[in-house]
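**Q** With the input below, show me the fold.
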Amino acid sequence: MIDPIYTDTLIIGGSGHKYAFTAFPNELLADQSLNVSITITEADGSPYDLSSAAAVFYCTARNVSGLVPTNLGNATLSDSGSGTVDTVSIVLAKDGIPDFLGSYTPTRTGSSVFYFQIQDADSFIQIYQYVNVTAGDFSGDGSGNIEIPSSSLIYTPADGADWPDPDPTTVEEGLDDLADRVKTIEDNPASGDMLSSTYDPQNIASDAFDRNNMTGSQLASTISDFDSAVSANTNVSGSVTIHSDVSDAGSGAIISTTERSNLSTAFAHVSSTANPHNVTPTQLGNTTAQWNANQIQGVDAPIPSGASDDQKAIVYDDASGDFVLATMPGASGGEANDLALDAGATGEDIRSSKVGSDIFVKGILGANNANVSTVGSDIVVDVVDAIEGTRGAIAIANAGDMSTGTDDTKAVTPAKLETRLVDFLTKTGASKSTSGAYTLLAGDEGTNLFIDNTLTIPVLTADYQVTVRNTSASAVSFTLSGVTAENTSDTQIAGKGTITIYYEDTTKVWIDGNTEA
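**A** Numbers count the residues shown, from 1 in each chain. Coordinates of the predicted model:
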């Protein structure tokens, strides 16, 4: 007989991604043997690389908190012939699926879950299927009745507080939990079990708490009647009739004459100033200037020789490894430091002179209406605003200021002045010749326009101006399109005649020159 074989293909990644496989039927029998193999592919159908990973097969009840999953064994990872690992499988011998899963009520989607846990050092996935499990241990009695094993009988604790959550719901679960607790006590003697190796190490094999059976030492403080028993003991004899005669006896031993002499000598030695012991810095008078030290941190200190060492300082010489007397830089001639202009600087040097330790600098004086003041740590040079007749700071006008023509507080540059003046000059320098009927264009503004046929005057921009000259010996017509003439009702330009057209706005024009009806 062979094991039932269950297979399925699962896509990991992409739009068809799933973690749930459907290899098993909706129901499995507890303790049955089986062979399950799941082929995993990527979204494009290529093998899913499981190289370097390991997989374990588990089962447990679904949605039951506190229940430890059952490890059904390590799975096998193999390839489908392409050379890339893509299949996870396991052969499960009989009695592998636990009976207790059969105690959970079957549901439409399955009351138990079987899953592969696949992982390596960096990645982790689980693939699973929900199924219902039926207890495998049942038999018929010939009368149509089904006999349910005792391990599956429903169990309701008399006191749920006796069990840690979750409480067992079957006799089998309760016995398994109880067996686990007994095993824990056996494996951990320190948990409080009454092992003879702990409570009877002398192998007395009797009451371990009976004092007569105790062989180890015991402190007197642990015996409640120790003091009264010693005081009543008639065997205490000698010059000390009772132990309370020895005042502050320490260890209780009576010292000999020699020991007493040694103790007296030691006491006298402690008070001797010629050979002191355990003297503190305060007892030495460490705050009093009375010591003649000749070293600094264990290094010899120099001894001044008189006037030649006047104003010298003690410094450490790295070459000799000693402290020496040395003249400080700038002694009797001012400090050695000075104020100098940076080598890359091209501006004015503020240094004036140096005398001794004093460095003199130049003052900062304002001129041409520039005020100099001190504000906090800053020297502020402030140039006043220019007004008529007074030199000072003044802003430069921009194109907008030139166009508005109302700002009287800014200066005008030659370039902006020239640009503005050009706007007031008549732009008649350019010429343009046409042939046939013609309509004015925006680009004709400011030109001499030569025509020989009908002219159409359309809508253009305000302030548009053009000079039109008729090169024909005969009069030519002009037509208004979307505009009105404000100063004439004539409709022709005389032969060899000239007119000027000016736009008051986009639809009002003024026509001056050789016009006729």
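**Q** Only C-alpha atoms from now on, for both contacts and neighbour counts.
**A** Noted.
**Q** May I have the phi/psi pair for the spatially most central residue of the chain?
**A** Nearest to the geometric centre of the chain sits Asp122, at 21.9 Å (C-alpha atoms, centre = their mean). For Asp122, the backbone dihedrals (degrees, to the nearest 10) come out as phi -120, psi -20.
**Q** which is the next helix or strand following the strand or helix carrying Asn262?
**A** Counting by DSSP states H and E, the secondary-structure element that holds Asn262 is helix 257-270. Beyond helix 257-270 on the C-terminal side, the first helix or strand identified by DSSP H and E is helix 281-284.
**Q** mind listing the helices for the protein?
**A** 171-187, 196-199, 226-231, 257-270, 281-284, 399-404, 414-422 (DSSP state H).
**Q** With mean neighbour count and mean pLDDT as extra columns, can I get the ones you listed in JSON lines?
**A** Formatted as JSON lines, the entries for the helices of the chain read as follows, by neighbours: other C-alpha atoms under 10 Å; pLDDT from 0 to 100:
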{"stretch": "helix 171-187", "mean neighbour count": "14", "mean pLDDT": "80"}
{"stretch": "helix 196-199", "mean neighbour count": "12", "mean pLDDT": "70"}
{"stretch": "helix 226-231", "mean neighbour count": "11", "mean pLDDT": "81"}
{"stretch": "helix 257-270", "mean neighbour count": "11", "mean pLDDT": "80"}
{"stretch": "helix 281-284", "mean neighbour count": "9", "mean pLDDT": "77"}
{"stretch": "helix 399-404", "mean neighbour count": "12", "mean pLDDT": "82"}
{"stretch": "helix 414-422", "mean neighbour count": "11", "mean pLDDT": "75"}
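**Q** Any chance of JSON lines for these, columns distance to Met214?
**A** Output for these, formatted as JSON lines (distance: least, C-alpha to C-alpha, whole Å):
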{"stretch": "helix 171-187", "distance to Met214": "26"}
{"stretch": "helix 196-199", "distance to Met214": "11"}
{"stretch": "helix 226-231", "distance to Met214": "17"}
{"stretch": "helix 257-270", "distance to Met214": "39"}
{"stretch": "helix 281-284", "distance to Met214": "55"}
{"stretch": "helix 399-404", "distance to Met214": "114"}
{"stretch": "helix 414-422", "distance to Met214": "119"}
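**Q** which stretch among these comes nearest Tyr58?
**A** Shortest separation from Tyr58 across the helices of the chain is recorded for helix 171-187, at 18.3 Å, computed as C-alpha to C-alpha.
**Q** so how far is that closest one off the chain centroid?
**A** In terms of C-alpha atoms, centre = their mean, to the nearest Å, the centre of helix 171-187 is set 47 Å apart from its chain centre.
**Q** Pull that helix out as CSV, backbone CA atoms only.
**A** C-alpha atoms of helix 171-187 as CSV (Å, rounded to 0.1, in the frame of the first residue of the first chain):
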residue,chain,number,x,y,z
VAL,A,171,-9.2,14.8,28.5
GLU,A,172,-6.3,14.2,26.2
GLU,A,173,-5.3,17.8,26.3
GLY,A,174,-5.5,17.9,30.1
LEU,A,175,-3.4,14.7,30.5
ASP,A,176,-0.8,16.0,28.0
ASP,A,177,-0.6,19.3,29.9
LEU,A,178,-0.3,17.5,33.3
ALA,A,179,2.5,15.2,31.9
ASP,A,180,4.3,18.2,30.6
ARG,A,181,4.3,19.8,34.0
VAL,A,182,5.6,16.6,35.7
LYS,A,183,8.4,16.4,33.1
THR,A,184,9.3,20.0,33.8
ILE,A,185,9.6,19.3,37.6
GLU,A,186,11.7,16.2,36.9
ASP,A,187,14.1,18.0,34.6
